[in-house]
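Trainee: I would like the atomic coordinates for the input below:
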Amino acid sequence: MIRDYIYSFDENYFDISIVSIASLVKYNDIATLHILDNGIRENQLKVLKKFAHNHNINLQLYTVPDLDDFFGVSLKCSYWSKATYARLLIAELLPSKINEIIYIDGDTLITESLEGLSNLDFNNYFGAGVLDCLPYPKKAIGLSIDDKYYSNGFFVYNLNYIRRHNCIEKMKNKIIQLNGVVDHLDQGLVNLLFHQEILLIKLNYNIMPVNYLYEKESRKFFDYGEYYYSGSDINLAINHPSVSHFTGHKIIKRPWLKNSVHPLTMIWRNTYEELVNEYDIKNIFSYKNNFMIIFYYIVKFIVRIKIFRLLVLHIEKWRRSN
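Mentor: Model prediction:
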């Protein structure tokens, strides 16, 4: 069973990531928690160390080098954080005795045990992941309709494979060739180079707002003949989510934002407030809902009706594809 987990975040994402870590510990037996330190403040490190001590977890911290220097090119990241590229260094930064590890984005909530991943047969794979909920990033990097495109918000890395096949050097060479510009940054780069070397896992390990909002109809974002999870796969994941990934969405919104109507919002907020009280963390979020919450609940109710759900979906599909 995989008992090594890794996160990567900076001081700005600490308060969000600590909630994910707490939810992971609640449902899973962890041997070692690895953290890629992209600039975490000293008081935040103290909280992490105290949390690890309280839960009898071995905590390992790794300082991330200057990423432009590491890749040999100036990384252009648009509105995303350059720190996301740090995930590509996992196989190099971690000890060689660690052969596989589960990476989790900080903007997630774990609500079930991950032991279902313990018997993955992926010796000949770069890693294992869930398909991204939208096809547009795939098209942006030039993959075809027949290619699968994976989200790396939750990803099982086969570090042994990555080292054995010199994958980090391949990524360095490719990003230099692209002059530091890749759509969706490291996720785009991994898919561009290794999409045929990734093992597909169930949607419940990385279910996103689009799935929660449109349910089984969310597969309609994909063209006819383009592979995505079945309607029954989507419904099963919604009813039994293991990992919910709070990617940005204008209707549902993330739990730490005002007017969030994500179905797991209250679980996330309650977890955060428990951590605030236990570890004397300053509550940096002001997510008390205002009157606009009525609008979001109305939209949420409307999309429960199939004809309106399809209408909203097609409007969003048109907006995203133009």
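Trainee: which residue is nearest the middle of this protein?
Mentor: Closest residue to the average C-alpha location of the chain: residue 153 at 1.9 Å, with CA atoms, centre = their mean.
Trainee: Spatially nearest residue to it (excluding sequence neighbours)?
Mentor: Leaving aside its sequence neighbours, residue 153 sits nearest to residue 105 (CB to CB, 6 or more residues apart in numbering; 4.1 Å). Bear in mind the C-beta positions are built from the backbone N, C-alpha and C, glycine included.
Trainee: Could you pull up the residues touching the one you found?
Mentor: Taking CB atoms under 8 Å, 6 or more residues apart in numbering, we find residue 105 in contact with 7, 20, 153-154, 245.
Trainee: helices or strands next to whatever helix or strand the residue nearest to the centre of the chain lives in in the packing?
Mentor: Counting by DSSP states H and E, the element that carries residue 153 is strand 150-158. Strand 150-158 sits against strand 100-104, strand 127-131, helix 185-194, strand 243-245, with contacts defined as 3 or more CB pairs under 8 Å, 6 or more residues apart in numbering; DSSP states H and E.
Trainee: got CSV for those, with mean neighbour count and mean pLDDT too?
Mentor: Below are those laid out as CSV (neighbours: other CB atoms under 10 Å; pLDDT from 0 to 100):
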stretch, mean neighbour count, mean pLDDT
strand 100-104, 21, 97
strand 127-131, 24, 97
helix 185-194, 22, 96
strand 243-245, 26, 98
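Trainee: can you pull out the helices in the stretch 101-250 of the chain?
Mentor: 136-140, 159-164, 167-177, 185-194, 209-214, 231-239 (DSSP state H, counting those that start in this stretch).
Trainee: Show me the contact partners of the strand holding residue 153.
Mentor: With CB under 8 Å, 6+ apart as the criterion, strand 150-158 contacts 2, 87, 90-91, 99-105, 107-108, 117, 120, 122-123, 125-133, 186-187, 190-191, 195, 198, 200-201, 205-206, 208, 243, 245, 247.
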